[in-house]
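1. Predicted model and sequence below, questions to follow.
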Amino acid sequence: MTVTSDVRLEQGLRATMGNLVAGLNVVTTSAGGSPHGTTVSGVMSLSMNPPMVLVSLGVRSRLLARLAEGTRFGINILAADQDQVALRFSGSTPDRFADVPWFEDHGAPRIVDAHGWVAADVEALVPGGDHVIVLGRVIDAVPSAGAPLSYHQRTFGTHKAF
């Protein structure tokens, strides 16, 4: 395969996967006495027995560097009106939690008014190309009413039932 076809494949894959509608989440952990978090679209339920979730983090993720087997982390499923939270946690802002209301829940930072909350412990870190798959054993899950924040073709939106 030539470099040109590799670039074409990467561009095609990026554009094609952009057609998927993804939920937006802020994955969090506490380390060194401080909260840490990043915006993630690669989150899914993995198993009900035992209760497990899967999170995909880039290998250069500052959050990934703070996770190891046994580390507690949280998944804040963002609500439709939390697009600014998604942007804040996806950027390079040094203190991402400044001006974002949150509290500690089961040892991980939980964002106020998120659409849903999951607390989990890292069970395994599995390499996957330029990402690492974080397998987490769920210890708590709290749904909320309202609509979730979604992402499609590089724009924010929400789910509308019909």
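-> Great, that's in hand.
2. Wait, residue 52 touches residue 137, no?
-> Yes. Applying C-beta atoms under 8 Å, one finds residue 52 in contact with residue 137, separated by 5.6 Å. (Each C-beta comes from the backbone N, C-alpha and C, glycine too.)
3. who touches both of those two?
-> Counting by C-beta atoms under 8 Å, 6 or more residues apart in numbering, the common neighbours of residue 52 and residue 137 are 120, 123.
4. how much space between residue 143 and residue 136?
-> Computed as C-beta to C-beta, to the nearest Å, the residue 143 to residue 136 distance reads 17 Å.
5. what's the longest helix in the chain?
-> helix 3-17 (DSSP state H).
6. So which residues of the protein form helices?
-> 3-17, 83-90.
7. Please state the offset of the first one from the chain centre?
-> Computed by C-alpha atoms, centre = their mean, to the nearest Å, the chain-centroid distance of helix 3-17 equals 24 Å.
8. pull the CA atoms of that helix into CSV?
-> Provided in CSV are the C-alpha atoms of helix 3-17 (Å, rounded to 0.1, in the frame of the first residue of the first chain):
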residue,chain,number,x,y,z
VAL,A,3,1.5,6.5,1.3
THR,A,4,-1.1,8.1,-0.9
SER,A,5,-3.5,5.3,-0.5
ASP,A,6,-2.9,5.3,3.3
VAL,A,7,-3.8,8.9,3.4
ARG,A,8,-6.9,8.3,1.2
LEU,A,9,-8.0,5.5,3.4
GLU,A,10,-7.5,7.5,6.6
GLN,A,11,-9.5,10.4,5.1
GLY,A,12,-12.2,8.1,3.9
LEU,A,13,-12.5,6.3,7.2
ARG,A,14,-12.6,9.6,9.1
ALA,A,15,-15.4,10.9,6.8
THR,A,16,-17.3,7.7,6.9
MET,A,17,-17.2,7.3,10.6
